[in-house]
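A.B. asks: Model the following, please.
(chains A and B)
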Amino acid sequence: MIQMYGVSKIYNSEIKALQGINLSIERGEFVCLVGPSGAGKTTMLRLITGFEKSTSGAIYVDGHDMNYISKREISLLRRKMGFVFQDFKLIKTKTVFENIAFVLKVIGVKEQEIKRRVADVLNLVELLNKSSSFPHQLSCGEQQRVAIARALVNNPVLLLADEPTGNLDLDIAKEIIYLLLQANERNTTVILATHNNHLATTLKKRIIYLDKGKIGS
Amino acid sequence: MSLKYLIKEAMLNLKRGGIASFVTISIITISLFILGLFFILTTNVRAIIEDLSSKVAIVAYLDNGLNKEEIDRLKKEVSKIKEVKHVSYISKEIAMERFKKDLGEGFTDIVETLDTNPLPASIEVKIKGSSFTQEEKERFLHLVAKIKGLVGVKEVDYGKEMIDILTKITEGLSLVIYVIGFLFSIGAVFIVSNTIRLAILSKKEEIEIMRLVGATPGFISTPYLLEGALQGLIGGILSMGLLFIIYKLILNRLIFILTYQFIFLPFTLILGLVIGSIIVGLLGSLLSLHYYLRGG
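C.D. replies: Down below sits the predicted model:
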């Protein structure tokens, strides 16, 4: 699914966010990316999504060489991915339904089909009754569940979660993690970036430690 | 990406934009209103000058003893000249009547004592209304010379001082109008495009989310472009409406004070301002979207 060979990312020719990263993540894996803030977790996810290009080294995502991918191909690749962030990143002017439906509109799914699939995924995160609410009318936990619903509506092959539980109470955090595990059971590759080592170890999944831009153990 | 989706999206953005949309449209409306007000003033100043110009007449005094045929031939010849609007013949008798009228009651007996009518017959030539630029003044003087040169015309009279003043005013005003109009227009373009640009800049996060879920730049930008154009259109229409209300309520009523009927902007100018506003709105959106979407 993802291969990195000697990947480095240096900002403003001095800040070394990532250095000499080699790793391989297989299809269907659940991987925790653990490290303190500033370790390079977000940078690594941004390289995978194509929002940033590496300074050196090669990255392959679903067979695409991310250093030589066209804008159009990036858009198409992102449609196979799902994203969940600490700050949810919902569009404030769109309702819950519209936030999720947007992902499907982008790929030209028919209106009827959109309604069905959004309802399905809202059902999964137990938010069907909030479908016409705006993000600011929801609690943090609910907003994060909407974000997960948005990430899953597309049946992504890869789900990237950047500190998805950072803003949430323990109980709600567990629900979110449960949703990620469920997605993984349906064969979606999941990368969960977190600073919470305890959370990662209880999951009993593969852990990649990152510290100061390098892979540790 | 259907047209229905795009239009719906643009309208929804505008509606949910709330205060931000309101402020953007207000700023566009106000700047176009000021520009429009300036155009109304200049349109009317021009109209006043043209009105004055149309009152300019050339009086050609005729030789004594011309017969009717000769007078008719002269009239026809003058009528044929392109710039001439109207030609009328003033006989010696009519000239005397007018003279008496000008003198007023009580003084007419002075004239009664005359044995013969000393006033010459004449033809009055009205020219087509236009503003007097230097170029048009020269054309006018050329016309005067032409009439003076006709057989049967003894002398020619026209309001020389009036023409000089009109020319000076026209030339001076034209310069002022062009310079201020240019500055005002540039100002309006900057304000409108920048306001819309700022409106889009505030949607930075929204745009990033759209990119994240794999929307192509075209899919993301088209609703925003439409929204910008729509804001331009609404601002344009509102400003023209506001101008028309101001015109009806105030300017139109000044006729009692100024004895001049203000005219509203010509339709082509209204259309131009509204279309201009749409284009500037589009450009404003385009510039800021380009900034966001140039990276992958």
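A.B. asks: List the contacts of the helix or strand hosting A:G6.
C.D. replies: Assigned by DSSP states H and E, A:G6 belongs to strand A:2-11. Strand A:2-11 has contacts (CB atoms under 8 Å, 6 or more residues apart in numbering or on different chains) with A:16-25, A:40, A:43, A:47-48, A:52, A:54-62, A:158, A:189, A:191, A:213. Placement of C-beta: from N, CA and C, glycine included.
A.B. asks: So what's the gap between it and the chain middle?
C.D. replies: Put simply, strand A:2-11 sits 18 Å off its chain's centre (CA atoms, centre = their mean, to the nearest Å).
A.B. asks: what do you get for stretch A:166-176?
C.D. replies: 16 Å.
A.B. asks: Can you give me the buried ones in that stretch?
C.D. replies: Neighbour counts over stretch A:166-176 (16 or more other CB atoms under 10 Å in any protein chain shown) mark A:166-168, A:172-173, A:175-176 as buried.
A.B. asks: Using PDB, list the CA coordinates for that stretch.
C.D. replies: This file holds the C-alpha atoms of stretch A:166-176, laid out as PDB (Å, rounded to 0.1, in the frame of the first residue of the first chain):
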ATOM      1  CA  GLY A 166      -6.800  14.300  20.800                       C
ATOM      2  CA  ASN A 167      -9.800  16.600  21.600                       C
ATOM      3  CA  LEU A 168     -12.100  13.900  23.100                       C
ATOM      4  CA  ASP A 169     -13.000  12.300  26.400                       C
ATOM      5  CA  LEU A 170     -11.700   8.800  27.000                       C
ATOM      6  CA  ASP A 171     -15.100   7.200  26.500                       C
ATOM      7  CA  ILE A 172     -15.800   9.000  23.200                       C
ATOM      8  CA  ALA A 173     -12.200   8.400  22.100                       C
ATOM      9  CA  LYS A 174     -12.800   4.700  22.600                       C
ATOM     10  CA  GLU A 175     -15.900   4.900  20.300                       C
ATOM     11  CA  ILE A 176     -13.800   6.600  17.600                       C
END
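A.B. asks: quick revisit: out of the contacts of strand A:2-11, which end up buried?
C.D. replies: The neighbour-count criterion (16+ other CB under 10 Å) marks A:16-19, A:21, A:25, A:40, A:43, A:47-48, A:52, A:54, A:57, A:59, A:61, A:158, A:189, A:191, A:213 among these as buried.
A.B. asks: hmm, back to that, and the next element down the chain from the strand holding A:G6?
C.D. replies: With DSSP H and E setting the assignment, the helix or strand that follows strand A:2-11 is strand A:15-25.
A.B. asks: Check which residues of stretch B:144-153 are buried.
C.D. replies: Judged by neighbour count (16+ other CB under 10 Å), stretch B:144-153 contains these buried residues: B:144, B:147, B:152-153.
A.B. asks: and what of stretch A:69-82?
C.D. replies: Quick answer for stretch A:69-82 (16+ other CB under 10 Å): A:69, A:74-75, A:77-79, A:81-82.
A.B. asks: If we check chain B, which of those are in contact?
C.D. replies: Filtering these for neighbours of chain B using CB under 8 Å from any CB of the partner chain leaves A:69, A:74-75, A:77-79, A:81.
A.B. asks: Now that we have those, can you turn them into CSV and tack on secondary structure and pLDDT?
C.D. replies: As requested, these are exported to CSV (DSSP: H, G, I helix; E, B strand; the rest coil; pLDDT from 0 to 100):
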residue, secondary structure, pLDDT
A:I69, coil, 90
A:I74, helix, 89
A:S75, helix, 87
A:L77, helix, 91
A:R78, helix, 90
A:R79, coil, 88
A:M81, strand, 90
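A.B. asks: correct me, but B:P223 touches B:E9?
C.D. replies: Yes. Applying CB atoms under 8 Å as the test, B:P223 and B:E9 come out as touching, 4.0 Å apart.
A.B. asks: rewinding a little: in its sheet, which strands sit next to the strand holding A:G6, and in what direction?
C.D. replies: Strand pairing for strand A:2-11, determined by DSSP bridges: strand A:15-25 (antiparallel), strand A:56-61 (antiparallel).
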